[in-house]
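[1] model the following, please.
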Amino acid sequence: MRGVLLRVLMERGRILAATGALLLWGLSPSAQALPFVPVEGVSDARWKALEQRLKEAQAGNPGRAINILQLGDSHTAGEYLSGRMRQHFQSLFGVGSVGMLPPGNIKDHPVFQARISASSQWNAQRVKSDGPTPALGLGGYTGFGLSPYQTIMYELPKTANVSRLYVYSKGGSAPENLFKFYEDGNELTPLRVSRAARDGRTVFELEGAPNRLTILAKKAESDFQLLGVTVAGARSGATYSSIGVIGATLDVLRNWDSEVTRNEIKDYSPALLILAFGTNDVVNPDFSRDRFLNTLTYTADWVRRNAPDSAVLLVMPPRAPGFRPRSMQNLESARLTMRMAARQYHWRVWDWSVLTDRNCVTSCSTPDSVAFFGQDGIHLTRLGYETTADSLYEAILSSGKHF
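    So this is what the prediction gives:
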């Protein structure tokens with residue numbers, strides 16, 4: 001265990017040095033005093049396969065590409081937590097591909113894997129829904145031109161390992177009939193079109209190492225919408241994609257239960273699916289354990305339909321200083337329910353509340369010190385999220401030793 005922790009701390013210093021960040025960050029008292037919080041649950045074939053990959057990578061044999069997908073609420077949307085996790089996995093396995101990208105710059109959802117720019121009349125947003133929306137995919141995103149010939153461009157990092165582009169759209173026609181696609185200025189031709197008109201999905205092979213991918217909307221009609229893209233095809237390295245929605249509860253998965261979602265996850269093929277929800281569930285004054293249990297039951301069905309081959313990790317919500325007494329009671333109920341669901345459905349859980357419980361003192365919510373939590377007492381500071389990611393990564397690496 002001490003060896004794993006030492007590697008994480010050394011990695012933290014390496015990442016900070018590479019990015020020009022203050023090395024003093026890695027020496028902060030709160031970071032060194034963190035308790036080890038293990039991954040809990042039962043073992044199954046999917047987790048055993050993941051743990052074998054982790055074991056081989058730690059032994060210096062990272063092997064083939066590995067993809068991770070994190071879905072969550074505002075704790076995920078800020079990208080500090082998932083961005084740090086991406087750095088850790090790519091340090092272990094090498095840099096993979098770019099992964100899942102939204103159809104534009106979505107408010108309050110920064111993207112770190114690529115730089116996104118769009119023409120002035122390109123409209124990108126997240127559609128809010130109270131139930132299943134068959135025409136939408138993960139995140140509930142849409143993008144379209146408000147006038148003809150609007151464009152969106154993805155500038156890819158030079159280190160990314162890419163060879164394939166997946167495009168998902170809505171409009172009753174194949175994506176190539178609604179949009180034009182360019183790789184560094186050269187128009188792309190679809191690889192397969194036999195099912196594209198039916199499922200709104202088109203695949204392109206990419207030549208070399210493209211710097212820019214551009215999508216041009218031929219028309220100015222909101223009925224013809226770009227839902228998202230996935231830049232993939234890496235033969236090695238780690239790809240870490242994340243989708244976070246501010247205010248989302250675990251029930252948001254009901255809105256992303258569609259053929260589009262199934263295609264997105266199938267094409268991406270995550271070895272690990274991290275579900276980081278719960279904060280907005282427990283702060284709801286109408287929280288009910290029975291209703292939360294029903295949501296977890298639906299989540300199990302959702303996983304079976306959309307990600308049957310992925311190891312699943314539930315990240316419990318943090319114990320926040322901004323929680324009212326009723327929310328604290330709800331948190332305890334949610335933790336018990338999530339543990340019970342994990343045992344039943346062969347998932348794993350990681351109890352974030354244990355980590356934050358030890359670090360949350362009066363200074364957590366004050367703006368005049370290096371704090372674990374921000375001023376609202378609910379969301380963490382960048383330091384808090386990155387420290388959380390260090391601990392979560394350590395727990396995932398060590399998970400095979402506890403089963």
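[2] now Glu176: closest residue in space, sequence neighbours ignored.
    Sequence neighbours aside, Pro190 is the residue nearest to Glu176 in space, at 5.2 Å (criterion: C-beta to C-beta, 6 or more residues apart in numbering). No exception for glycine: its C-beta is placed from N, CA and C like everyone else's.
[3] neighbours of the one you found, just the number please.
    Counted with other C-beta atoms under 10 Å, the neighbours of Pro190 add up to 18.
[4] repeat that for Glu187.
    Neighbours of Glu187 using other C-beta under 10 Å come to 10.
[5] quick check: Thr214 is in a strand.
    Yes. If the criterion is DSSP: H, G, I helix; E, B strand; the rest coil, then Thr214 is within a strand.
[6] excluding covalently adjacent residues, which one is nearest to it?
    Tyr182 is the one closest to Thr214 (C-beta to C-beta, 6+ apart), at 4.2 Å.
[7] pull the contacting residues for Ala232.
    Asn67, Ser97, Val98, Gly99, Val162, Ser163, Arg164, Leu165, Tyr166, Thr239, Asp267, Tyr268 (C-beta atoms under 8 Å, 6 or more residues apart in numbering).
[8] whoops, Gly41 was the one
    Gly41 sits in contact with Trp47, Arg339, Ala342, Arg343, His346, Trp347, Arg348, Val349, where contact means C-beta under 8 Å, 6+ apart.
[9] thinking again about what came up before, quick one, phi/psi of the residue nearest to Glu176?
    Backbone torsions of Pro190, given as degrees, to the nearest 10, read phi -60, psi 140.
[10] wait, it sits on Val203?
    Yes. At 6.7 Å, Pro190 counts as touching Val203 under the criterion of C-beta atoms under 8 Å.
[11] the stretch 301-403 of the chain: helices as residue ranges?
    Applying DSSP state H, counting those that start in this stretch to the stretch 301-403 of the chain gives helices spanning 325-345, 352-359, 382-397.
[12] and the contacts of Gly41, which of them are buried?
    Neighbour-count burial (16 or more other C-beta atoms under 10 Å) is assigned, among those, to Trp47, Arg339, Ala342, His346, Trp347, Arg348, Val349.
[13] one step back: which one of the contacts of Ala232 is nearest to Val231?
    For the contacts of Ala232, the minimum distance to Val231 (C-beta to C-beta) is 3.8 Å, reached by Val98.
[14] wait, isn't the closest one in contact with Leu156?
    Yes. Using C-beta under 8 Å, Val98 is in contact with Leu156, at 5.8 Å.
[15] neighbour count winner among these two?
    Comparing Val98 with Leu156 by other C-beta under 10 Å, the one with more neighbours is Val98, at 25 against 21.
[16] how about the more buried one: what's its closest non-neighbour residue?
    Val231 (3.8 Å).
[17] that'll do, ta.
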